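**Student:** The amino acid sequence is not available; the structure is as follows:
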C-alpha cells in the first residue's frame, strides 16, 4: 500500500478491522464531483466502515464497450487528486495492475479477488447507478455477483425513481422474478441528484478556455489542474 495524494492506494488497501466495505468501480475518465461526493454519502447511508474505489484498467468497462480517453495511470492519478483529504476511502489498483493479455476484466472477477484477499469478517456491498442496475442482468454472473457483494443502487437520471428502475428491470424478458425485484427495491438509496456526465466533461476539455468556467463547476480543481498541466 502506498500513500499518494493522502489516499491509500494498492491492490486491497482496506483496514483489517473494517466490517463493511462499499466498493465503487468505474473508468473515472475523468473523475468528476459526482464520483467524489455521492459515494461517500452512500457509504454513510449504509453505515459502511470504508469506501474502496476500483478504477478500470486500460480496456475500460467491457459492458460499456468504450475505451477510456485517458490512460489507466492518468485516471488513477486524477482520482487520487480528486479524493485528496477524504477520510475512510482508498483506491484499489487490482484492475489497473491486471495484465492486458488476460482479456476483459469483469466485475465478478474483481470482487472474487477482493473477497479472497479480505478478512472473513469484512462484508462487501457494490455501489452502482440505477442505469447500471437496469442492465444488471447483462453483467457476467449477475446472481453470483449479488451473493458476493450485494448492490447498493444510486437513483440517478435517466432512471431517477424506483418506479422507472422497476419498469426497466421488468422489461428484461423475465430475467428477474417478482421476489428478486422486491429485493432490488430494498437496495436503492436516496441521494442528491447530480446530473454530471463524463462525456460532458470531456467536451468541455476539448473547448479549452471556452469551457473552463463550467468545467470547474463539474470537476474538482486538482483534477482540472492535473489535466491542464499534462496538456501543456
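**Tutor:** Thanks, I have the structure now. Note that this is a predicted model, so its numbers are computed, not measured.
**Student:** so the spatially most central residue of the chain bridges to which residues?
**Tutor:** Most central in the chain under Cα atoms, centre = their mean is residue 25, positioned 3.0 Å from the mean C-alpha point. When bridges are called by DSSP bridges, residue 25 pairs up with residue 54.
**Student:** what stretches of the chain score poorly on pLDDT?
**Tutor:** 1-5, 60-67, 210, 231-232 (pLDDT under 70).
**Student:** Sketch out the strands for it, chain order is fine.
**Tutor:** For the chain, applying DSSP state E gives strands covering 2-4, 7-10, 20-26, 50-55, 89-92, 123-129, 150-154, 188-189.
**Student:** For the fifth one, enumerate its sheet partners and note whether each is parallel or antiparallel.
**Tutor:** The strands beside strand 89-92 in its sheet (DSSP bridges) come out as strand 7-10 (parallel), strand 50-55 (parallel).
**Student:** Need the winner for burial among those strands.
**Tutor:** Ranked by mean neighbour count under mean count of other Cβ atoms under 10 Å, the strands paired with strand 89-92 are led by strand 50-55, which reaches a mean of 24. Every residue, glycine included, has its C-beta placed from N, CA and C.
**Student:** what's in contact with that strand?
**Tutor:** Strand 50-55 has contacts (Cβ atoms under 8 Å, 6 or more residues apart in numbering) with 13-15, 18, 20-28, 39-40, 43, 72, 75-76, 79, 83, 88-96, 110, 114.
**Student:** now the strands paired with strand 89-92 in CSV, with distance to residue 134?
**Tutor:** Converted to CSV, those look like this (distance: least, Cβ to Cβ, whole Å):
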stretch, distance to residue 134
strand 7-10, 31
strand 50-55, 21
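**Student:** returning to that earlier point: now list the buried members of the contacts of strand 50-55.
**Tutor:** 13-14, 18, 21-28, 39-40, 43, 72, 75-76, 79, 83, 89-96, 110, 114 (16 or more other Cβ atoms under 10 Å).
**Student:** hang on, residue 190 packs against residue 155?
**Tutor:** Yes. Residue 190 lies in contact with residue 155 (Cβ atoms under 8 Å); the separation is 7.2 Å.
**Student:** The two: who's more crowded?
**Tutor:** Higher neighbour count among residue 190 and residue 155: residue 155, with 19 against 10, using other Cβ atoms under 10 Å.
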